[in-house]
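A.B. asks: need a 3D model of the following:
(chains A and B)
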2 protein chains.
Amino acid sequence: MRQKPTVLAREIVASSRLFRVEEVQLRFANGVERTYERLVNRGSGYGAVMVVALVDSEHALLVEEYCVGTDNYQVSLPKGLIEPGEDVLLAANRELKEEAGFGARQLEHVTELTLSPGYMTQKIQVVLASDLYPESLPGDEPEPLRVDRINLRELSSLVQQEQFSEGRALAALYLVRDLLIQRGAFAL
Amino acid sequence: MRQKPTVLAREIVASSRLFRVEEVQLRFANGVERTYERLVNRGSGYGAVMVVALVDSEHALLVEEYCVGTDNYQVSLPKGLIEPGEDVLLAANRELKEEAGFGARQLEHVTELTLSPGYMTQKIQVVLASDLYPESLPGDEPEPLRVDRINLRELSSLVQQEQFSEGRALAALYLVRDLLIQRGAFAL
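C.D. replies: Numbers count the residues shown, from 1 in each chain, chains lettered A, B, ... in the order given. Modelled structure (predicted):
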């Protein structure tokens, strides 16, 4: 591992209800100095969680909701922010109940993914949920989400759907598929 | 496709050199009103590009660079912003030359991925590069990037490396692997 650059100065240069931008002045090991900006979540430290929920041996749940970033309805995995003090697996189960109307008797942490490590501090925990049962919790969604499913054999076709585009959700689905293959629980 | 919410108001509420935050007031089809924030890139419209560059029939190039977002050295795919008016494939080739020291004789657009469509407008184009040859271009990096490679059979082991975490890069690698399998150019 290379020697990390030295932080010469840090300052919050823009701030809103959800986002904060921090300017960071760095000196690299070779003496080169640079000023970068990075996005730091407000009240972060708890992070977010994304759930690959298996409805049977080969299908995972997807949810469709309006996304203001891309200004359209998008299909992706159930996900949301972890609440202060909340356990990662419990947060995953809560989001699954709120967004998809299912609880899971089996919950397992798979990995942590970053969004854009060059510009953003955000990390998300990938959780595998299985042994599902119907249970709904009221969430903060403005309208009910539509629940869909994807066959794990057809992951590469997801991006051909106009409504699916989220890179990290696709990575989570592929990782879970590989995990199931390694365990002998799934075959392509 | 459901009826999209009506935009009642939009306003830039925070701004820095790299980032802008827009507040958007919406009325959903069921009458519920919500105010959201989304990140909109400054001077965007050109977007970004990420390159899966094949060095042989089973290995893709990775680059290691310091990432201020996560404050550590991270391994990921060569990527960068598309310049005003620049063709996507030419942008991919330029980034490959700047970051990894290779040009590609074959370049092919694979798909478009979003980062976090619920909160961000950002999109990135995934390009498959092959038939490589050594060529370097000076980039804007503060220090040379270390160039590495990954065997496409070992994608699920990437996230076990402390230095790899970027969800969209992993998705791009899996998608290219599936594409090569579909074409009979690769077998697991």
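A.B. asks: tell me the secondary structure at the closest residue to residue A:95 other than its chain neighbours.
C.D. replies: Leaving aside its chain neighbours, residue A:95 sits nearest to residue A:80 (4.4 Å; criterion: Cβ to Cβ, 6 or more residues apart in numbering or on different chains). From N, CA and C alone the C-beta is placed, and that goes for glycine too. The assignment at residue A:80 comes out as strand when based on DSSP: H, G, I helix; E, B strand; the rest coil.
A.B. asks: show me what contacts residue A:80?
C.D. replies: Residues counted as contacts of residue A:80 (Cβ atoms under 8 Å, 6 or more residues apart in numbering or on different chains) are A:48-49, A:91, A:94-95, A:98-99, A:139.
A.B. asks: all helices in chain A, in order from the N-terminus.
C.D. replies: A:88-100, A:155-158, A:167-182 (DSSP state H).
A.B. asks: okay, these in CSV with mean neighbour count and mean pLDDT next?
C.D. replies: Putting the helices of chain A into CSV (neighbours: other Cβ atoms under 10 Å in any protein chain shown; pLDDT from 0 to 100) gives the following:
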stretch, mean neighbour count, mean pLDDT
helix A:88-100, 22, 97
helix A:155-158, 18, 94
helix A:167-182, 23, 97
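A.B. asks: beta-bridge partners for the residue nearest to residue A:95, please?
C.D. replies: Beta-bridge partners recorded for residue A:80 (DSSP bridges): residue A:49.
A.B. asks: ok, so what distance separates it from residue A:115?
C.D. replies: Between residue A:80 and residue A:115 the computed distance is 15 Å (Cβ to Cβ, to the nearest Å).
A.B. asks: likewise residue A:6?
C.D. replies: Residue A:6 is 25 Å from residue A:115, by Cβ to Cβ.
A.B. asks: for residue A:144, same thing?
C.D. replies: 27 Å.
A.B. asks: so these two - more neighbours on which side?
C.D. replies: residue A:115 (25 against 13; other Cβ atoms under 10 Å in any protein chain shown).
A.B. asks: so the more buried one is in contact with residue B:165, correct?
C.D. replies: No: counting by Cβ atoms under 8 Å, residue A:115 sits too far from residue B:165 to count as a contact (9.3 Å).
A.B. asks: now do the shared contacts for the two.
C.D. replies: Going by Cβ under 8 Å, 6+ apart, residues that sit against residue A:115 and also against residue B:165 are residue A:123.
A.B. asks: chain center to stretch A:15-31: distance?
C.D. replies: 23 Å (Cα atoms, centre = their mean, to the nearest Å).
A.B. asks: now that stretch: buried residues?
C.D. replies: Neighbour-count burial for stretch A:15-31 flags A:15-16, A:18-24, A:26, A:28 (criterion: 16 or more other Cβ atoms under 10 Å in any protein chain shown).
A.B. asks: keep only those residues that also lie close to chain B.
C.D. replies: A:15-16, A:18-19, A:21, A:23-24, A:26, A:28 (Cβ under 8 Å from any Cβ of the partner chain).
A.B. asks: looking at those residues, which are in strands?
C.D. replies: Of the positions in these, A:15, A:19, A:21, A:23-24, A:26 sit in strands, assigned by DSSP state E.
A.B. asks: flag the shaky bits of chain A, pLDDT-wise.
C.D. replies: A:1, A:43-45 (pLDDT under 70).
A.B. asks: can you give me the domain boundaries for it?
C.D. replies: A:6-41, A:48-182 (automatic domain parsing).
A.B. asks: quick one: residues contacting the closest residue to residue A:65 other than its chain neighbours.
C.D. replies: Once flanking residues are discounted, residue A:65 sits nearest to residue A:145: 4.8 Å by Cβ to Cβ, 6+ apart. The neighbourhood of residue A:145, defined by Cβ under 8 Å, 6+ apart, consists of A:63-65, A:99-100.
A.B. asks: got the residues you listed as a markdown table, with distance to residue A:40 columns?
C.D. replies: What follows is the contacts of residue A:145, written out as a markdown table (distance: Cβ to Cβ, whole Å):
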| residue | distance to residue A:40 |
| --- | --- |
| A:63 | 27 |
| A:64 | 30 |
| A:65 | 25 |
| A:99 | 26 |
| A:100 | 30 |
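A.B. asks: how near is the closest residue to residue A:188 other than its chain neighbours to chain B?
C.D. replies: Leaving aside its sequence neighbours, residue A:188 sits nearest to residue A:153 (Cβ to Cβ, 6+ apart; 6.4 Å). Per Cβ to the nearest Cβ, to the nearest Å, residue A:153 is found 11 Å from chain B.
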